[in-house]
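Engineer: pasted the sequence and its predicted model underneath.
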Amino acid sequence: MTAILKGAMLVLGLLLILGSAWASDCTFGTKVVAGDSDVGLPLSPFSALVGATGATASQINVGVSYWDIGSAPGVYDDKDPVYLQFGASLPFGGSANRIVRDGNIRLTDWGPYLAGSKVKAGDSDIGQQLLPWIPPANPSTFVIGSGFYYMNVAGGPGYDLGDPVYLKLAPPALPFITSTNDIRITSFDGFPAGSKVSLGDPDAARPLVPLWAIPPLPVAGQPKAAAPRSPVARLAFFNANGNVNAAGAPIYDGDDPVYLSIAVAFGPGTHPVVPNDIRLS
């Protein structure tokens, strides 16, 4: 057996072991805690070229879209399922590209499919026309708009293990509070991850903090000039099957679990799963 073949078998065996470790703990919307078997799994940023529909399709772009099946056409409501899309599946550039695709993540339940499940070829929602939120959620850049927010119930100075996380609608109004049909990314007070906030819920109209660092306001209380915002968390994936593009960068596909990662360093290479990361698939 050649050294190259032995090396390939070793890598494959390691990936299978790591993949099994991840699978034993994976539940959509749960937070990683110390001692979980996926702690330490290497996560890759969404930066590799997908290559599915041209050289400019980059995984770093993330979109959130909804399937308009509710009672109000063209308006997002409590009946509309919501999807997280990557790369070539972005909800930009034309209606032909805004469809449910293989590898999308369902952020809410629909029919027999649970929140956190991946869309697969042959699923009954694949190919359905989607509508984007304006501006679309982009957890990779954290522009002001729809995106991830947390409720500071733990009372600490920042995002803590006990703080629930939400996906807000666009555009959110100031002050940031939970609104009707915002999506719970983690559970809260008996309401599961993937459920939508309704009037009268215990977490309705509660203050939220965006998962990015906002520049401080001047003493007079007037907004400062626009300044860069530092993300507190970003999307990342565990490259379960080990596939890479021509440049050697990991490629996200339907086999790869996705996390909302709180790791500070988001440069090239990988960073580990750590406590307080959130499992999204």
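Structural biologist: Ah, there it is.

Engineer: which stretches of this structure form helices?
Structural biologist: 3-25 (DSSP state H).

Engineer: looking at it, which helix or strand is least sure?
Structural biologist: Ranked by mean pLDDT, DSSP states H and E, the weakest helix or strand in the chain is helix 3-25, scoring a mean of 41.

Engineer: give the burial count for residue 114, as a bare number.
Structural biologist: 14 (other CB atoms under 10 Å). Bear in mind the C-beta positions are built from the backbone N, C-alpha and C, glycine included.

Engineer: swap that for residue 69, sorry
Structural biologist: 13.

Engineer: got the end-to-end distance for stretch 109-121?
Structural biologist: With CA to CA, to the nearest Å applied, stretch 109-121 spans 18 Å between its terminal residues.

Engineer: what's the answer for stretch 187-199, then?
Structural biologist: For stretch 187-199, by CA to CA, the gap between its terminal residues amounts to 17 Å.

Engineer: same question for stretch 180-189.
Structural biologist: End-to-end distance (CA to CA), stretch 180-189: 17 Å.

Engineer: before we move on, what about stretch 169-188?
Structural biologist: Span of stretch 169-188 from end to end, CA to CA: 18 Å.

Engineer: same thing with stretch 70-81?
Structural biologist: 9 Å.

Engineer: average pLDDT across it?
Structural biologist: In this model, stretch 70-81 has a mean pLDDT of 86.

Engineer: neighbouring contacts of that stretch?
Structural biologist: 66-69, 106, 108-110, 125, 131, 133, 169, 180-181, 196, 198 (CB atoms under 8 Å, 6 or more residues apart in numbering).

Engineer: which one of these is nearest residue 83?
Structural biologist: Checking the contacts of stretch 70-81 against residue 83 with CB to CB, the nearest one is residue 106 at 6.0 Å.

Engineer: quick one, what contacts the closest one?
Structural biologist: Contacts of residue 106 by CB under 8 Å, 6+ apart are 81-83, 113-119, 194.
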